[in-house]
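*Asks:* no letters, just coordinates:
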């Protein structure tokens, strides 16, 4: 591993990418400590301490603790994730968006532009909801002018984070949006470690075993794949004849990665936003829709399963794959080219997606079950539990794969084996 790191550091382009990513993440963490104008961070923290176990705690985790201080990056990157969910769902029902999706890079650029506009709208609504919520609870003293200033600041902070995430994707290493969430969870980890050290005997004894088991299971499922054999026939291209050969098409057990978990968390944040405007809704959310309630856990599990199937279908289209195989003279042994190949790939993909989606739902729900039945503290389960470990390990593996490809392009020995 150390030799691989030293080889990676010798590559100028890779070194610049890593340093650029680290710089952007450092700026993000700095902005998470700078409070919005006219905000008393101590009063906001006291309110969060009195509402432990609610959905606000989970949202605070994804913001890296910035929400509990009402910092300029208090909303984190979740409004952008929510906007991406809405646009991807609309591509199924809106013909214009579906047409844009099929136009290639130009169409995706247009959809990304719509996503940015929707992100600004959602960030403004979410910041206004939080401001009204904190003001009604007595944690924020602000008039109309200061409320407008807070909303503008938080919306601008989310827009800046969206731009920073895109910069990491283009000029850094890994997916920028995922890395911002990754950094937020790691920043919250010391709180979970402190809660674990000061927790009860059962928590201190069994939590490391549970955490190691979750990490091993996540790596095992994330790296698991079904290899579909593919045979290529000989083809005549002009005066040259290509030789046939055999290879395989890898279908991962969890092709959607950690995206369904992030999607579900972003969507479940909407009731808290609406609760900022409707007092009766706020009472129900704080009483019956906490992160350990059965309603919340059931909704989270169902959303994760649905989003896993949806995102997998977006990432992998069996019909397109079958057409590409037939176009380049490839076929699956024992399966006729064309529609039969598409039906076979779809059947295999459905069977793989089911255990993958159930695994994601189980890992995401497990921490709340340990809190409810085994006496684990909220801070430990939230900072070091299944959802956090799943996102951290998943993003780390994806980033390592990108660095691995950069190393292999320069004829260095890779790290992943």
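*Replies:* Nice, I can see it. Source: prediction; values computed, not measured.
*Asks:* how about the secondary structure of residue 356?
*Replies:* Put simply, residue 356 is helix when judged by DSSP: H, G, I helix; E, B strand; the rest coil.
*Asks:* correct me, but it touches residue 257?
*Replies:* No. Using CB atoms under 8 Å, residue 356 is not in contact with residue 257, being 9.8 Å away. Backbone N, C-alpha and C define where each C-beta goes, glycine included.
*Asks:* packing partners of the helix or strand where residue 349 lies?
*Replies:* Secondary structure assigned from DSSP states H and E places residue 349 in helix 339-374. Judged by 3 or more CB pairs under 8 Å, 6 or more residues apart in numbering; DSSP states H and E, helix 339-374 is in contact with helix 201-223, strand 225-232, strand 245-252, helix 259-268, helix 294-315, helix 318-327, helix 378-384, helix 386-409.
*Asks:* could you give me the average pLDDT of it?
*Replies:* For helix 339-374, mean pLDDT rounds to 84.
*Asks:* also stretch 137-157?
*Replies:* The average pLDDT within stretch 137-157 is 85.
*Asks:* could you list the buried residues of that stretch?
*Replies:* By 16 or more other CB atoms under 10 Å, the buried positions in stretch 137-157 come out as 139, 140, 142, 146, 147, 149, 150, 151, 153, 154, 155, 157.
*Asks:* likewise stretch 300-317?
*Replies:* 300-301, 303-305, 307-313, 316.
*Asks:* for that stretch, which outside residues touch it?
*Replies:* Stretch 300-317 has contacts (CB atoms under 8 Å, 6 or more residues apart in numbering) with 85, 88-89, 251, 254-256, 259-261, 263-265, 267-268, 349, 353, 356-358, 360-361, 364-365.
*Asks:* coming back round to it: let's have the buried residues of stretch 300-317 in JSON lines, adding pLDDT and distance to residue 135.
*Replies:* As requested, those are arranged in JSON lines below (pLDDT from 0 to 100; distance: CB to CB, whole Å):
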{"residue": "300", "pLDDT": "85", "distance to residue 135": "29"}
{"residue": "301", "pLDDT": "88", "distance to residue 135": "34"}
{"residue": "303", "pLDDT": "90", "distance to residue 135": "30"}
{"residue": "304", "pLDDT": "90", "distance to residue 135": "33"}
{"residue": "305", "pLDDT": "91", "distance to residue 135": "37"}
{"residue": "307", "pLDDT": "87", "distance to residue 135": "33"}
{"residue": "308", "pLDDT": "90", "distance to residue 135": "38"}
{"residue": "309", "pLDDT": "89", "distance to residue 135": "40"}
{"residue": "310", "pLDDT": "84", "distance to residue 135": "37"}
{"residue": "311", "pLDDT": "83", "distance to residue 135": "37"}
{"residue": "312", "pLDDT": "86", "distance to residue 135": "42"}
{"residue": "313", "pLDDT": "82", "distance to residue 135": "43"}
{"residue": "316", "pLDDT": "83", "distance to residue 135": "47"}
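*Asks:* hey, what's the angle from the helix holding residue 349 to strand 225-232? Just curious.
*Replies:* Taking axes from the mean of the first three to the mean of the last three CA atoms, to 10 degrees, helix 339-374 and strand 225-232 form an angle of 170 degrees between their directions.
*Asks:* got the angle between helix 339-374 and helix 201-223?
*Replies:* Using the same axes, to 10 degrees: helix 339-374 against helix 201-223 is 170 degrees.
*Asks:* flag every buried residue along helix 339-374.
*Replies:* For helix 339-374, using 16+ other CB under 10 Å, the buried residues are 341-342, 344-346, 348-349, 352-353, 356-357, 359-361, 363-368, 370-371.
*Asks:* now stretch 188-207
*Replies:* By 16+ other CB under 10 Å, the buried positions in stretch 188-207 come out as 188, 191, 192, 195, 196, 199, 203, 207.
*Asks:* list the residues that contact residue 41.
*Replies:* With contact set as CB under 8 Å, 6+ apart, residue 41 has these partners: 35, 69, 70, 71.
*Asks:* how close does the second one sit to residue 316?
*Replies:* For residue 69, the distance to residue 316 (CB to CB, to the nearest Å) stands at 41 Å.
*Asks:* the first one now?
*Replies:* As for residue 35, its distance to residue 316 is 44 Å (criterion: CB to CB).
*Asks:* still on that earlier bit, closest to residue 328 out of the buried residues of stretch 188-207?
*Replies:* For these, the closest approach to residue 328 (CB to CB) belongs to residue 188, at 47.2 Å.
*Asks:* just checking, the closest one touches residue 66?
*Replies:* No. With contact defined as CB under 8 Å, residue 188 does not reach residue 66; the gap is 10.1 Å.
*Asks:* touching both of the two, which residues are there?
*Replies:* Residues within reach of residue 188 and of residue 66 at once, by CB under 8 Å, 6+ apart, are residue 60.
*Asks:* looking at it, residue 230 is touching residue 251, isn't it?
*Replies:* No. Here residue 230 does not reach residue 251: they are 11.6 Å apart, not a contact under CB under 8 Å.
*Asks:* higher neighbour count, the two?
*Replies:* Between residue 230 and residue 251, residue 251 has the larger neighbour count (other CB atoms under 10 Å), namely 20 against 17.
*Asks:* pull the contacting residues for that one.
*Replies:* Contact analysis of residue 251 by CB under 8 Å, 6+ apart lists 225, 226, 227, 228, 316, 345, 348, 349, 352.
*Asks:* out of those residues, who's nearest residue 62?
*Replies:* If you rank the contacts of residue 251 by distance to residue 62 using CB to CB, residue 316 comes first, at 27.1 Å.
*Asks:* where does the stretch 101-250 of the chain dip in pLDDT?
*Replies:* For the stretch 101-250 of the chain, the stretches with pLDDT under 70 are 234-244.
*Asks:* and the helices in it?
*Replies:* Ranges of helices within the stretch 101-250 of the chain are 105-136, 144-171, 176-197, 201-223, based on DSSP state H, counting those that start in this stretch.
*Asks:* distance between stretch 195-210 and the chain's centre?
*Replies:* 27 Å (CA atoms, centre = their mean, to the nearest Å).
*Asks:* ok, back up a step: can you tell me which of the helices of the stretch 101-250 of the chain is most buried?
*Replies:* Comparing the helices of the stretch 101-250 of the chain by mean neighbour count (mean count of other CB atoms under 10 Å), helix 176-197 comes out on top with a mean of 20.
*Asks:* could you say what helices and strands it packs with?
*Replies:* For helix 176-197, the elements it packs on are helix 12-31, helix 55-62, helix 144-171, helix 201-223, helix 378-384, helix 386-409, judged by 3+ CB pairs under 8 Å, 6+ apart.
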